[in-house]
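Participant: Output the structure for:
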Amino acid sequence: MPQSLSAVYIHLVFSTKDRRPFLRDKPTRDALHSYLGGVSKQLDCPPIQIGGVEDHVHLLARFGRTITQAEWVKELKRVSNLWLKDHGRDYADFEWQGGYADFSVSQSNLEQVKQYIATQEEHHQKMNFQDELRALLRKHEMEWDEKYVWD
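Facilitator: Alright, predicted model coming up:
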């Protein structure tokens, strides 16, 4: 087969360092989500849905064939960190957490994950980020150590 084809979908989640609520301002948060989508697209990982609240981001994308997950996340964080710091003194101390979590998504579950990400503000009226991430990790049967997840 001379052509390489791929349909791999990733749900990426990462937070601000120490889960600090840097992203309270909705217009800035929406602009950040748009910016992250543009960066992901440039990395050949077209975004499907991006959302989040004041302390974390969710990004659903069709994953590219020419980049590793670690490279993708590192570049998303690097350029968005610089972008936010250019948005005023309120973001001078901004940092993303060191780690991230990502989950594979089947074609049949794309709409469900899109809806989940689109309703983050409503979702987080009932559950904080740490409990949400724990629930996602359990759902995907991942093991983790609490000492190393929350930086």
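Participant: isn't there a strand covering residue 60?
Facilitator: Yes - secondary structure of residue 60 (DSSP: H, G, I helix; E, B strand; the rest coil): part of a strand.
Participant: what are the bridge partners for it, then?
Facilitator: Listed by DSSP bridges, the beta-bridge partners for residue 60 are residue 11, residue 49.
Participant: Give the burial count for it, as a bare number.
Facilitator: Counted with other Cβ atoms under 10 Å, the neighbours of residue 60 add up to 22. Just so you know, the C-beta spots here come from the backbone N, C-alpha and C atoms, and that holds for glycine as well.
Participant: State the distance from it to residue 26.
Facilitator: Using Cβ to Cβ, to the nearest Å, one gets 20 Å for the distance from residue 60 to residue 26.
Participant: and if you look at residue 47?
Facilitator: 19 Å.
Participant: what about the two, which has more around it?
Facilitator: residue 47 (18 against 11).
Participant: Wait, the more buried one touches residue 41, no?
Facilitator: Yes - checked against Cβ atoms under 8 Å, the pair residue 47 and residue 41 is within contact range at 6.3 Å.
Participant: Determine the residues that are contacts of both of the two.
Facilitator: Residues touching both residue 47 and residue 41 by Cβ atoms under 8 Å, 6 or more residues apart in numbering: none at all.
Participant: Quick one: the helices in this structure, in order.
Facilitator: 26-42, 69-85, 110-118, 120-123, 129-139, 146-149 (DSSP state H).
Participant: Between those helices, which one is closest to residue 11.
Facilitator: helix 110-118 (5.5 Å; Cβ to Cβ).
Participant: tell me which residues in the closest one are buried?
Facilitator: Within helix 110-118, the residues scored as buried using 16 or more other Cβ atoms under 10 Å are 110, 113-114, 116-117.
Participant: can you check stretch 72-86 too?
Facilitator: Buried, per 16+ other Cβ under 10 Å, within stretch 72-86: 72-73, 75-77, 79-80, 83-84.
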